[in-house]
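In: A structural model of the following input is requested.
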Amino acid sequence: MEIIDARGQACPLPVVRAKKALATMGEGVLEVRVDNETAVRNLEALARTLKCASTWEQRDEAEFAVRIEKGAEAAGDAPVAAGKEAAEAVRERVLPQGGHVVVISSECMGVGDDVLGRTLMKGFVFALTQLDELPDAVLLYNGGVRWACEGSEALDDLHALVEAGVEVLSCGTCLNHYGLTEQLAVGEPTNMYVIVERQMKARVVVRP
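Out: Model prediction:
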């Protein structure tokens, strides 16, 4: 078993180190030690992306051990795969090749009046649902993660996007910073590596 001690390392270093280690190792188990639950969720998401099984345990107040087994598919993978196939069928129908990625980094759209800015951003998210070509993904970070949390006026619209096959990803570090980790109501938490990767691979990045 290979071990990576990533305690004290900021996002996305635990994920980056784990991904590099998995790329070079054969079948076996990689244990990554981290000091917060956000990192645990990010590593679990990495394992799902790579179709690896993963487990974790909390060993101390500030020590979590995530084990990723390379060469073993996650339990229940077949039903998940079927759901993904259905989502891909929708995306093939409505998404342009190369993909559009929308980045929302604030509660407000534009600079000036914050009340107006929030109204504009809510309208912007609704407008996304009405497009003939849906975005490939919506990335939320910093204050933008609030739109995906309980109490947000945009939840129905974001849920509609998810149901149509659009990825809605919120920065896990940002959720933790604002104390919103347990209030995420739509989409999935993610890490900075994925946020950068999605933008680099996109044909168009839209920033309201």
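In: my guess is residue 19 contacts residue 46. True?
Out: Yes: assessed by C-beta atoms under 8 Å, residue 19 is found in contact with residue 46 at 6.2 Å. (C-beta placed from N, C-alpha, C; glycine too.)
In: these two - which one has more neighbours?
Out: More crowded of residue 19 and residue 46, by other C-beta atoms under 10 Å: residue 46, with 25 against 17.
In: next, that one: phi, psi?
Out: Backbone dihedrals for residue 46, given as degrees, to the nearest 10, come out at phi -60, psi -40.
In: residue 21 now?
Out: Recorded main-chain torsions at residue 21 are phi -70, psi -40, according to degrees, to the nearest 10.
In: and the helices in this structure, which stretches?
Out: Here the chain has its helices, by DSSP state H, at 13-24, 37-49, 77-94, 114-129, 155-163, 172-177, 192-201.
In: how about residue 140: which residues does it bridge to?
Out: On DSSP bridges, the residues paired with residue 140 through beta bridges are residue 104, residue 170.
In: what is the burial count for it?
Out: 28.
In: for residue 61, give me phi and psi.
Out: Given degrees, to the nearest 10, the pair of backbone angles that residue 61 has is phi -60, psi -30.
In: touching, residue 194 and residue 171? I think so.
Out: No: between residue 194 and residue 171 there is no contact under C-beta under 8 Å: 9.2 Å.
In: and for residue 1, nearest residue in space, chain neighbours not counted?
Out: Counting by C-beta to C-beta, 6 or more residues apart in numbering, residue 29 is the residue found nearest to residue 1 once chain neighbours are left out, at 4.5 Å.
In: might you report the residue contacts of the one you found?
Out: Applying C-beta atoms under 8 Å, 6 or more residues apart in numbering, one finds that residue 29 lies in contact with 1-2, 67-70.
In: how about the helices of the chain in JSON lines, adding mean pLDDT and distance to residue 138?
Out: Formatted as JSON lines, the entries for these read as follows, by pLDDT from 0 to 100; distance: least, C-beta to C-beta, whole Å:
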{"stretch": "helix 13-24", "mean pLDDT": "90", "distance to residue 138": "20"}
{"stretch": "helix 37-49", "mean pLDDT": "87", "distance to residue 138": "16"}
{"stretch": "helix 77-94", "mean pLDDT": "44", "distance to residue 138": "13"}
{"stretch": "helix 114-129", "mean pLDDT": "96", "distance to residue 138": "7"}
{"stretch": "helix 155-163", "mean pLDDT": "96", "distance to residue 138": "6"}
{"stretch": "helix 172-177", "mean pLDDT": "93", "distance to residue 138": "14"}
{"stretch": "helix 192-201", "mean pLDDT": "92", "distance to residue 138": "10"}
